[in-house]
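Chemist: quick one, fold the following:
(one chain, ligands or ions: 1)
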Amino acid sequence: MFVAGNWAESHTGASFDVVNPATGERIDSVPKGDREDVRSAVDDSRTAFKKWSETPAIERSRTLFKAAEIVRANLEELARTLTIEQGKPIGEARGEIGSFANSCEYYAGLIGRERGAQTPFSTGEGFFIVTKRPIGVVGAILPWNFPVSLMGWKVAPGLAAGNTFVVKPASSTPLTDLKVAELMVKAGLPPGALNVVTGPGAVVGEELLDNPKVSKIAFTGETATGRRIMEGSAKYIKRLTLELGGSDPMIVCDDADIDLAVEGAAWGRYRNAGQSCTSVKRLFLFKSIADTFTKKLTATVKTIHVGNGLTPGTHMGPIHNQPQREKVEEMVEDAKSRDAKVLVGGERPKAKELQKGLYYEPTLLQHVDYDAMMAKEECFGPALPIFVVNDLEEAIERANDTIYGLGSSVWTKDIERAYHAAEMIEAGTTWVNSPPIARAEVPFGGFKQSGFGRELGLEGLDHYYETKSIQVLEYGKGKKWKFPI
Ligand code: NAD
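Modeler: Residues are numbered from 1 along each chain as shown. This is a model prediction of the structure:
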């Protein structure tokens, strides 16, 4: 783990292995932190908070710009570590490290440049000022699918605003986050401002919830875990940002650019082996274009090359862990048992060199029942169900028939249709003629059980502040405060 600017063991000396999902080989081991390790990191973070929150915004900004520069200078090594521990192709890993640096730069550019206002009371006797204060120590709890960029979505705005962090990475992807934290301290963050404690969610994560000195929890992960985070945060009324699961619909209208939409569907579903919160998880095609679209998409999916993320030419790496692969297999089998037709994939690849990794073929299914698991639940892997709809109203109704509301997309050349769909789909983001891409300047988050709060954009910064109002009564304008008797 990395605490107060130093590499540290767990105080018990216990550790656990990190394994490469592409080969099954052990890569490294990291300390198995327990509650005492977390308490000590939180205390260090609290001490650092005093100094960092009083550091002028311009210096916090410079430190974040410097951090981005150092991370970019180490991009190749970081990307390689990320591919080895997570499984994604090296090109995607490079993009993810770049996205972390980009988040730092975006918030470094914002901080110290905000403007406030002094507003008169409506009754005229004075004015008020709204100021922003950092919250304190933040516990950032991360998933394994984008370990680095999602750390950036939290620590970049949070540090810019003057908060300090104890980060708990997913147990299977701690290595790149640890390296990035070390580089951030090299860039000039005070020791203790960014700590990374490795260990199980049920211990390290739970202590972050139980510890009264942690003022906010920023969580990304499954909806079921998010529920537990809410319960655990209730005792001390912690501030919360929850980025949870999704089952994103992609709607392709009859006037869409079919070739573009086919590419978008393939990239949107199979990137990161389908393990993105905003992966395209349900595809809705207008009836009149369904056959053409399905043929073209089938041909495209067949060209996706599965392999080790470090091997040049690989489009899709392994699934990250065995339970996840089994879950995808269960969903595909369930759809098949309800008469779905597998157009591509539907099984583990047969190539000899892939047998030790957690691979699964990119899979495309049609005639999927609306009651199938993959229509109802989040399918977090490379399997895409196709549904055929008569019109936009049916597509929107089906798209909204889920507990989730994270991302969505609509593909059409008609601006009125696009805007109508964007208004009606219950999701935090609707992309128009684009697969899901997060951008530093655009707020991101969920409706319904996909969570609440927003990351990225100006809103992302605001979630790392307490809002303080100062009300000033102008001299001579005050009333006499007599009881109304
Ligand atoms: P997960 O919920 O299993 O784990 C997330 C983190 O929570 C891990 O660090 C884990 O150790 C920790 N944790 C587990 N139990 C805990 C507890 N009791 N107390 C505190 N912490 C605990 O999620 P995952 O499998 O790592 O990630 C995949 C999920 O994340 C998917 O559902 C995906 O859609 C979602 N996700 C959402 C977004 C978003 O922005 N909305 C982004 C990426 C991933």
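Chemist: which residues touch whichever residue of the stretch 1-150 of the chain sits closest to the ligand?
Modeler: Residue of the stretch 1-150 of the chain nearest the ligand, by C-beta to the nearest ligand atom: Pro143 (3.0 Å). Where C-beta positions appear, they are placed from N, C-alpha and C, glycine not excepted. The contact partners of Pro143, by C-beta atoms under 8 Å, 6 or more residues apart in numbering, come to Leu150, Ala170, Thr220, Gly221, Glu222.
Chemist: how is Val204 assigned, secondary-structure-wise?
Modeler: helix (DSSP: H, G, I helix; E, B strand; the rest coil).
Chemist: Thr198 is in contact with that one, correct?
Modeler: Yes. Val204 lies in contact with Thr198 (C-beta atoms under 8 Å); the separation is 7.3 Å.
Chemist: buried set for stretch 129-137?
Modeler: Lys132, Pro134, Ile135, Gly136, Val137 (16 or more other C-beta atoms under 10 Å).
Chemist: also stretch 101-110?
Modeler: Here stretch 101-110 shows Ala101, Asn102, Ser103, Cys104, Glu105, Tyr106, Tyr107, Ala108, Leu110 as buried, counting by 16+ other C-beta under 10 Å.
Chemist: repeat for stretch 209-223
Modeler: For stretch 209-223, a neighbour-count test (16+ other C-beta under 10 Å) marks Leu209, Asn211, Val214, Ser215, Lys216, Ile217, Ala218, Phe219, Thr220, Gly221, Thr223 as buried.
Chemist: what's the local residue count around the closest residue to the fifth one other than its chain neighbours?
Modeler: So the one you mean is Lys216. Among residues not flanking Lys216 along the chain, Arg239 sits closest, at 3.9 Å (C-beta to C-beta, 6 or more residues apart in numbering). When neighbours are defined as other C-beta atoms under 10 Å, Arg239 has 18 of them.
Chemist: by mean pLDDT, flag the weakest helix or strand of this structure.
Modeler: Lowest by mean pLDDT, DSSP states H and E among the helices and strands of the chain is strand 118-120, with a mean of 90.
Chemist: pairing partners for the following helix or strand past that strand, with directions?
Modeler: Next helix or strand after strand 118-120 toward the C-terminus (DSSP states H and E): strand 126-134. Strand pairing for strand 126-134, using DSSP bridges, gives strand 118-120 (antiparallel), strand 465-473 (antiparallel).
Chemist: quick check: which of these is nearest to the ligand?
Modeler: Nearest of those (C-beta to the nearest ligand atom): strand 465-473, 20.3 Å.
Chemist: average pLDDT for that closest one?
Modeler: Averaged across strand 465-473, pLDDT comes to 95.
Chemist: can you tell me what sits against that strand?
Modeler: Strand 465-473 is contacted from outside by 121, 125-135, 161, using C-beta under 8 Å, 6+ apart.
Chemist: need those residues in JSON lines (columns: pLDDT and distance to the ligand).
Modeler: JSON lines is the format used below for the contacts of strand 465-473 (pLDDT from 0 to 100; distance: C-beta to the nearest ligand atom, whole Å):
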{"residue": "Phe121", "pLDDT": "93", "distance to the ligand": "40"}
{"residue": "Glu125", "pLDDT": "89", "distance to the ligand": "45"}
{"residue": "Gly126", "pLDDT": "92", "distance to the ligand": "42"}
{"residue": "Phe127", "pLDDT": "94", "distance to the ligand": "39"}
{"residue": "Phe128", "pLDDT": "95", "distance to the ligand": "35"}
{"residue": "Ile129", "pLDDT": "94", "distance to the ligand": "34"}
{"residue": "Val130", "pLDDT": "92", "distance to the ligand": "28"}
{"residue": "Thr131", "pLDDT": "92", "distance to the ligand": "29"}
{"residue": "Lys132", "pLDDT": "93", "distance to the ligand": "24"}
{"residue": "Arg133", "pLDDT": "95", "distance to the ligand": "26"}
{"residue": "Pro134", "pLDDT": "98", "distance to the ligand": "23"}
{"residue": "Ile135", "pLDDT": "98", "distance to the ligand": "19"}
{"residue": "Ala161", "pLDDT": "98", "distance to the ligand": "19"}
